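Trainee: Build me a model from this:
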Amino acid sequence: MSKMVEAEEVQMKKEDDDPRILAISSSIRVVPNFPKPGIMFQDITTLLLEPKAFRDTVDLFVQRYKDKNISVVAGIEARGFIFGPPIALEIGAKFVPLRKPKKLPGEVISEAYDLEYGSDCLQMHVGAVEPGDVALVVDDLIATGGTLCAAMNLLERAGAEVLECACVIELPELKGRARLKGKPLFVLIESR
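Mentor: So this is what the prediction gives:
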């Protein structure tokens with residue numbers, strides 16, 4: 001086992017022992033059959049109603065990324081916009097929104113992707129990310145990994161180095177982690 005993998009396992013074990021993780025996990029509501037039958041939607045809006053759990057979520061990410069020389073936090077629409085800006089502010093990075101089509105004015109680059117229940121596209125302003133930027137991709141959840149892959153592709157096409165992806169929740173049964181082209185993924189909780 002490599003030292004990097006060992007370090008990641010130690011980090012996850014330490015986080016598993018953190019009482020904040022239980023509070024974060026228990027504040028997330030699961031909504032069956034949304035947005036379509038068979039989907040168990042992980043609703044983080046209930047987490048946002050708990051100021052301490054919300055603060056702890058941001059703090060856990062900031063702890064991990066504060067000394068990694070990240071220059072860009074890229075948040076995926078829409079829930080990546082909730083977690084990304086406070087992380088960016090705390091670590092001294094710029095925040096770049098990755099949006100759905102026709103939401104950004106000006107020149108954009110686009111990346112299409114598949115989700116577990118359809119397909120979509122992400123766009124980013126041309127010039128928001130520069131060659132040499134070190135990027136963190138933030139979203140609320142990883143399912144099949146398609147959205148995170150599209151985000152990484154956009155950032156890399158602009159010349160950024162994607163350091164890691166960070167999500168509050170992982171749906172491990174959908175094996176999205178395996179699609180991330182070897183990029184590390186940090187999650188706070190696995191779906192229940």
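
Trainee: Just give the nearest non-adjacent residue to Pro184, would you?
Mentor: Glu164 (4.5 Å; CB to CB, 6 or more residues apart in numbering). From N, CA and C alone the C-beta is placed, and that goes for glycine too.

Trainee: Please name the residues that touch the one you found.
Mentor: Counting by CB atoms under 8 Å, 6 or more residues apart in numbering, Glu164 makes contact with 65, 136-137, 183-186.

Trainee: Select from those every entry located in helices.
Mentor: Tyr65 (DSSP state H).

Trainee: what sits against Leu136?
Mentor: 65, 68, 70, 72-74, 87, 93, 162-166.

Trainee: now do Gln42
Mentor: Gln42 neighbours (CB under 8 Å, 6+ apart): 28, 30, 140-141, 169, 171, 191.

Trainee: Am I right that it sits in a helix?
Mentor: No: Gln42 is assigned strand when assessed by DSSP: H, G, I helix; E, B strand; the rest coil, not a helix.

Trainee: From Val30, how far out is it?
Mentor: Plainly put, Gln42 is 6 Å away from Val30 if you go by CB to CB, to the nearest Å.

Trainee: if we can go back for a sec, can I get the contacts of Gln42 in JSON lines with neighbour count, pLDDT and secondary structure?
Mentor: Conversion of the contacts of Gln42 to JSON lines gives the following (neighbours: other CB atoms under 10 Å; pLDDT from 0 to 100; DSSP: H, G, I helix; E, B strand; the rest coil):
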{"residue": "Ile28", "neighbour count": "23", "pLDDT": "97", "secondary structure": "coil"}
{"residue": "Val30", "neighbour count": "12", "pLDDT": "96", "secondary structure": "strand"}
{"residue": "Asp140", "neighbour count": "22", "pLDDT": "98", "secondary structure": "strand"}
{"residue": "Leu141", "neighbour count": "22", "pLDDT": "96", "secondary structure": "strand"}
{"residue": "Ile169", "neighbour count": "22", "pLDDT": "98", "secondary structure": "strand"}
{"residue": "Leu171", "neighbour count": "20", "pLDDT": "95", "secondary structure": "coil"}
{"residue": "Ser191", "neighbour count": "18", "pLDDT": "88", "secondary structure": "coil"}
